[in-house]
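Participant: Next one to model:
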Amino acid sequence: MSERPRRLSVRTRTTLTATAIVALATVGIGLLLVGYLQSRLTSDLEATVHEQLSEATEAVRRGAALPDGGNEISVRLMRPEDRSAAVPPAGPSPSERPPLAESNVAPQPAAPNETSASPQPAPSAEPVAAPARQVAATTTVVGPGGTATLVASASTRSVQQATAAATAALLLASPVLLAIVAALTWFSTGRALRPVEEIRDEFARLSAHDLRGRMPVPAGRDEVARLAGTLNETLDRLDHSVRRQRQFVADASHELRSPLAALRTPLEVACAHPDRVEWPDIAAGTLEDLGRLEQLTGDLLALARLDGTPATGGTAIDLGELVRDVLQRRAPGDIEWDTALESGVVIDGHRSHLVRLITNLADNAERHAARSVRISVRAEDGHARLNVADDGPGVPAESREYVFERFARLDSARGRGEGGAGLGLALAREIAALHQGTLGITDSGRGANFAARFPLAEDRADATDPALSAAARRSPVAE
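Facilitator: Numbering: from 1, shown residues only. So this is what the prediction gives:
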């Protein structure tokens, strides 16, 4: 398979593009300037020819000599008998032509009836079809010597010389201009891309084992500065996630080691002294440790699922009906459950995750309650509010955030001896965050009051969970 050809660098492509655009603009503007210059000079020359022709006409009418047109313009007077020599062919310039006799003829008096018999015709300003590089104009005039034709002509050599000089100047200046544009574009693009190159070099030094490096942020608030800032923010989140993952792996390894050691030790003793142990007690202890290990493994799997669950989506769920269904499925115990569940409190979410959240909060409250647990669901301020309160020892104010960390356990009655791995509340808070909600501990008269808030679904009236409603009708919970 052939290798894909390498593309030119951004700096090179920008320089070539800018130079090509300026080159095209220079060619277009140059053509317009040369064309405008030639047209303007030609128009000025024609105006000068007509002006000289008008002066000659007035001179002939007065019987004066023809004015001198200089080296540029030639003015000739032709009688009707000399009509064959009206316009000379293209040849030498007007300054090189021999003078015509008509231009120095003395004026003759006109017949008395000539002026009254025939009116003088108006001068004609129509250009005569002249040979190449020649501008000419004619008019008929009646003077003292009779009717005559005046011819004024001029060479366009000066126009051609001016346009040729302008074209040569443009041809000489264009390469210099393009070189300057290319140099300025090359250096300015390199300076603009220098921070990008520094960011690339710094980013190349990062690795999964060391994410402490950060991108240099250039001065100002341009696109490169915003890019560097966004990369640094992303690296901060990634570094935090990696550190948290490492800590989680270490804590999980430690937590898994404890039940495995608790399983191994009594079995080794029983195998060493089989006649001195009570095998039913060994089996019961082993099953208890296996249950704890299974619960820990389930929590770890739930955390892994949360990491792969999108933050949006889900179905419409009646939170009150969901809590009622979870409580109905719990095994009976010594704790009294007091519920105040409002109907029609509908949120958008994942049913399995919300069931896990409610179960974890209920397990935690039941584990630390003295006699009763109160659970309530209501709608307030556009949110669904779930409260789970127990009458146990409560959580100290300084530890209300610590208990939501992974593998966190207090040294009081909420310690490990009560049978928790320290993942239940951490799971519950992450599930709440997944549903764009919050979970915290609020003040209460006695015990701990866990309060969760979720945004209500847009359409509460139509959002129901038929399965949950049917289950609630089959086995209602006393409130």
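Participant: just the strands in the stretch 101-250 of the chain please.
Facilitator: In the stretch 101-250 of the chain, the strands defined using DSSP state E, counting those that start in this stretch lie at 134-143, 146-155.
Participant: An error on my part: the question was meant for the stretch 301-450 of the chain.
Facilitator: Secondary structure of the stretch 301-450 of the chain (DSSP E, counting those that start in this stretch): strands at 315-318, 336-341, 346-349, 372-380, 383-390, 438-442, 449-455.
Participant: In a markdown table, list the ones you listed along with mean neighbour count and mean pLDDT.
Facilitator: Backbone N, C-alpha and C define where each C-beta goes, glycine included. Converted to a markdown table, the strands of the stretch 301-450 of the chain look like this (neighbours: other C-beta atoms under 10 Å; pLDDT from 0 to 100):
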| stretch | mean neighbour count | mean pLDDT |
| --- | --- | --- |
| strand 315-318 | 20 | 91 |
| strand 336-341 | 15 | 92 |
| strand 346-349 | 24 | 92 |
| strand 372-380 | 19 | 93 |
| strand 383-390 | 22 | 94 |
| strand 438-442 | 16 | 92 |
| strand 449-455 | 21 | 94 |
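Participant: Turn the ones you listed into TSV, columns for distance to residue 168.
Facilitator: Formatted as TSV, the strands of the stretch 301-450 of the chain follow (distance: least, C-beta to C-beta, whole Å):
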stretch	distance to residue 168
strand 315-318	80
strand 336-341	95
strand 346-349	77
strand 372-380	86
strand 383-390	81
strand 438-442	79
strand 449-455	76
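Participant: between the ones you listed, which gets nearest to residue 244?
Facilitator: strand 438-442 (18.1 Å; C-beta to C-beta).
Participant: residues in contact with the closest residue to residue 378 other than its chain neighbours?
Facilitator: Excluding its sequence neighbours, the residue lying closest to residue 378 (C-beta to C-beta, 6 or more residues apart in numbering) is residue 342, at 4.6 Å. Going by C-beta atoms under 8 Å, 6 or more residues apart in numbering, residue 342 touches 320, 377-379.
Participant: Please convert those to JSON lines, extending it with distance to residue 9.
Facilitator: JSON lines is the format used below for those (distance: C-beta to C-beta, whole Å):
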{"residue": "320", "distance to residue 9": "63"}
{"residue": "377", "distance to residue 9": "62"}
{"residue": "378", "distance to residue 9": "63"}
{"residue": "379", "distance to residue 9": "60"}
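Participant: Which single one of these is nearest to residue 60?
Facilitator: Comparing these against residue 60 with C-beta to C-beta places residue 379 closest, at 109.5 Å.
Participant: give the contact list for that closest one.
Facilitator: 342, 344-345, 385, 456, 460 are the contacts of residue 379 under C-beta under 8 Å, 6+ apart.
Participant: Can you convert the residues you listed into a markdown table and add a column each for distance to residue 211?
Facilitator: Shown next, in a markdown table, are those (distance: C-beta to C-beta, whole Å):
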| residue | distance to residue 211 |
| --- | --- |
| 342 | 47 |
| 344 | 47 |
| 345 | 42 |
| 385 | 39 |
| 456 | 39 |
| 460 | 44 |
